[in-house]
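[1] Below is the structure, and that's it, no one-letter string:
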């Protein structure tokens, strides 16, 4: 493992991860491991790299203002890693990956089912070399079942997994129709589940010495985090429908328009509703049997929304938000992305950092995990393609002359 003094006290500084992931789901998990101090070795195709390197514009610009080959997409999910280029379709490339795997605690991959078995890089093959290895496979549909061989992307799984059926405005209203979430949420949640599963396997390994094989499917993840919408259906038999920004179980929760801009109101209980009525000068609403309990408000949502829309429309947005905040009623402006990073709270929490990169400085939205006794450090920007190939190959005993031969043969 490389000597990374600033990460020695991080929670996972003792862990080495071999990252055979691509695109978003597996790399999101391995970026979290890197943030937590693990050494992450990312295997990429020679000369091409991870698909996301080309998913732009926008691309990072160099010191002269010229676009590089580092897309914003790639830069969002590969911080803290070491990039090693290896052609895994070649026997010599496969041998290199197996040697790295022997030194790893974790392998994570998101190839199609059976693809890595052809190269001897599947869980069975690598765990035969290192029985205590934790091997996590991320696929669209899992290692078993009628869809196991199908390809999948986040957008398709948002559709198949039910998320788009409950996201977006009703069909009969302006702008109605199914909508995907504005970020690749299935990929990211799959990465989160992968990280949790791997950490659980590592904890078990620490107690028993046994490795593990983890089978994680994006469609399973999508169905798992339907959460309240799934349970609403399962106990009522009713099919959840798109309701725009209105909450199906809690009211009032919606987007409302003030005199000079829209905002979100997120009342969560009856006491907060009483306080909302006080702020608006509509105290009788709190005693009105149509609105006096959350269940009643859900049933009378249309009328309550009409009344609230009328009252909120006469307010200046900032004054209303300030009054609601003072009263303890959850409400918020609908920020653009630039406004998020200008928010004093985000600035105070240090969520945006700029890391040194061969092209200059690269912005990074860092991990939200904050540890009191083992604070995280962020000092390794997303790597250039193959930036660490020579160093990592030297660590597994491949000398300069052999590296030159492998490079000439386009193995690395």
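    Now that the structure is in, tell me what you want to look at. Being a predicted model, the structure only gives us computed values, none of them experimental. Residues are numbered from 1 along each chain as shown.
[2] Could you report the distance from the closest residue to residue 368 other than its chain neighbours to residue 34?
    Residue nearest to residue 368 in three dimensions, not counting chain neighbours: residue 351, with 7.1 Å by Cβ to Cβ, 6 or more residues apart in numbering. Heads up, the C-betas are built off the backbone N, CA and C, glycines and all. The spacing between residue 351 and residue 34, counted by Cβ to Cβ, to the nearest Å, is 17 Å.
[3] Looking only at neighbour counts, state which of those two leads.
    Applying other Cβ atoms under 10 Å to residue 351 and residue 34 shows that residue 34 carries more neighbours, namely 28 against 16.
[4] which secondary structure elements does the helix or strand hosting the more buried one contact?
    Assigned by DSSP states H and E, residue 34 falls within helix 25-35. Using 3 or more Cβ pairs under 8 Å, 6 or more residues apart in numbering; DSSP states H and E, the elements in contact with helix 25-35 are strand 16-20, strand 39-44, strand 81-85, strand 106-109, strand 134-139, helix 185-208.
[5] Quick one: mean pLDDT over that helix.
    The pLDDT scores in helix 25-35 average 98.
[6] which outside residues touch it?
    By Cβ atoms under 8 Å, 6 or more residues apart in numbering, the residues outside helix 25-35 that reach it are 12, 15, 17, 19-21, 40, 42, 50, 52, 77-81, 106, 108-110, 136, 138, 154, 186-188, 190-192, 194-195, 198, 218, 366-367, 369, 376, 378, 380.
[7] Could you turn the buried ones of these into a PyMOL selection?
    Of the contacts of helix 25-35, the buried ones can be selected in PyMOL as follows, counting by 16 or more other Cβ atoms under 10 Å:
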select buried, resi 12+15+17+19+20+21+40+42+50+52+77+78+79+80+81+106+108+109+110+136+138+154+186+187+188+190+191+192+194+195+198+218+366+367+376+378+380
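[8] For residue 140, grab the count of nearby residues.
    With other Cβ under 10 Å as criterion, residue 140 counts 26.
[9] ok, it - contacts?
    Taking Cβ under 8 Å, 6+ apart as the test, what residue 140 contacts is 147, 150-153, 156-157, 217-219.
[10] Check what pLDDT it gets.
    pLDDT, read off for residue 140, is 97.
[11] Same question for residue 215.
    pLDDT, residue 215: 98.
[12] show me the contacts for the closest residue to it other than its chain neighbours.
    Closest residue in space to residue 215, ignoring its immediate chain neighbours: residue 143 at 4.6 Å, by Cβ to Cβ, 6+ apart. By Cβ under 8 Å, 6+ apart, the contact list for residue 143 reads 113, 137, 215.
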